[in-house]
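S.K.: Sequence and predicted model, in that order:
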Amino acid sequence: MGRERIAASSRIKPPLLKPARPAALTISRPELLVDGSDQQFRRLVHNLFGFLARHSSVREGHGALIGLAGIEYTMLISIGHLSADGNVSVKDVADHLHLSGAFTTVITNKLLQKGLIEKAGHPVDKRRLCLSVTARGRDMLERLAPIQRQVNDVQFGCLTAKEFALLVDMIERLVKSSEQAMALQRYLSESSAKPNITKLDVPPRSARKRGAP
């Protein structure tokens, strides 16, 4: 009896696996497809997510060392660096960090309340205010710098000088093209959300005239 069961089970054919349906391409530019596949593009995008999550964590860590949120630290050090080239306005900081002017104003006001930056009238345009880092703010950044250098050296130590220059240029271009992509996405989303008000059951006006008695 046992032998018959074993013999019968050996004759049972395994289920046939249906071939997986090929996934729709997520990009169509030929220079971004490899042998007609978007797998490398997906790999790039998903690795970018991984990098940005880790870099955000590093930024938050830098800020925490001096008692600031990540975005507060980023804005403070940006004001310091931009000041080396001249007067710095809220718009200058917003453009540099690709943020809105309203959001930049909120964060700079927090830094102002903490005594890390100060505002002064613009020497030419009286409607604008100039931002600068206070002595207290500079002291905090100087205390952070030794740790910051070690961490940044490790994070970006995999790049050669040539790769670094290429990456700087590529990221700037990707920021601009991403803004264009966001605008296109909003337009397509709004277009697809609009209801179709065409009444198919009503004949065209010219047809109604021809059929009139």
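M.R.: Nice, thanks for sending it over.

S.K.: Can you point out the buried residues in stretch 132-144?
M.R.: Within stretch 132-144, the residues that count as buried by 16 or more other CB atoms under 10 Å are S132, V133, T134, G137, M140, L141, L144. No exception for glycine: its C-beta is placed from N, CA and C like everyone else's.

S.K.: likewise stretch 120-136?
M.R.: Neighbour-count burial for stretch 120-136, counted by 16+ other CB under 10 Å, picks out L129, C130, L131, S132, V133, T134.

S.K.: I figured the last one hits L116, correct?
M.R.: Going back to what we said before, that points to T134. Yes - under the criterion of CB atoms under 8 Å, T134 makes contact with L116 at 5.9 Å.

S.K.: For L184, give me its contacts.
M.R.: With contacts defined as CB atoms under 8 Å, 6 or more residues apart in numbering, L184 has no neighbours.

S.K.: actually T104, sorry about that
M.R.: The contact partners of T104, by CB under 8 Å, 6+ apart, come to M75, V90, V93, A94, L97.

S.K.: Distance of it relative to V93?
M.R.: Distance of T104 to V93, computed by CB to CB, to the nearest Å: 5 Å.

S.K.: what touches both of the two?
M.R.: Residues touching both T104 and V93 (CB under 8 Å, 6+ apart) are M75.

S.K.: can you give me how far stretch 147-158 is from the chain middle?
M.R.: Counting by CA atoms, centre = their mean, to the nearest Å, stretch 147-158 is centred 22 Å from the centre of its parent chain.

S.K.: what does stretch 170-187 give?
M.R.: Offset of stretch 170-187 from its chain centre (CA atoms, centre = their mean): 9 Å.

S.K.: Restricting to C-alpha, output that stretch in PDB.
M.R.: Extracted in PDB, the C-alpha atoms of stretch 170-187 (Å, rounded to 0.1, in the frame of the first residue of the first chain):
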ATOM      1  CA  MET A 170      25.100  66.200 -12.600                       C
ATOM      2  CA  ILE A 171      23.200  67.000  -9.300                       C
ATOM      3  CA  GLU A 172      22.700  70.600 -10.300                       C
ATOM      4  CA  ARG A 173      21.300  69.500 -13.700                       C
ATOM      5  CA  LEU A 174      19.100  66.900 -12.000                       C
ATOM      6  CA  VAL A 175      17.700  69.500  -9.600                       C
ATOM      7  CA  LYS A 176      16.600  71.700 -12.600                       C
ATOM      8  CA  SER A 177      15.200  68.800 -14.600                       C
ATOM      9  CA  SER A 178      13.400  67.500 -11.500                       C
ATOM     10  CA  GLU A 179      11.600  70.900 -11.200                       C
ATOM     11  CA  GLN A 180      10.500  70.500 -14.800                       C
ATOM     12  CA  ALA A 181       9.300  67.000 -14.100                       C
ATOM     13  CA  MET A 182       7.300  68.100 -11.100                       C
ATOM     14  CA  ALA A 183       5.600  70.800 -13.200                       C
ATOM     15  CA  LEU A 184       4.700  68.300 -15.800                       C
ATOM     16  CA  GLN A 185       3.400  65.900 -13.200                       C
ATOM     17  CA  ARG A 186       1.100  68.600 -11.700                       C
ATOM     18  CA  TYR A 187      -0.200  69.400 -15.200                       C
END
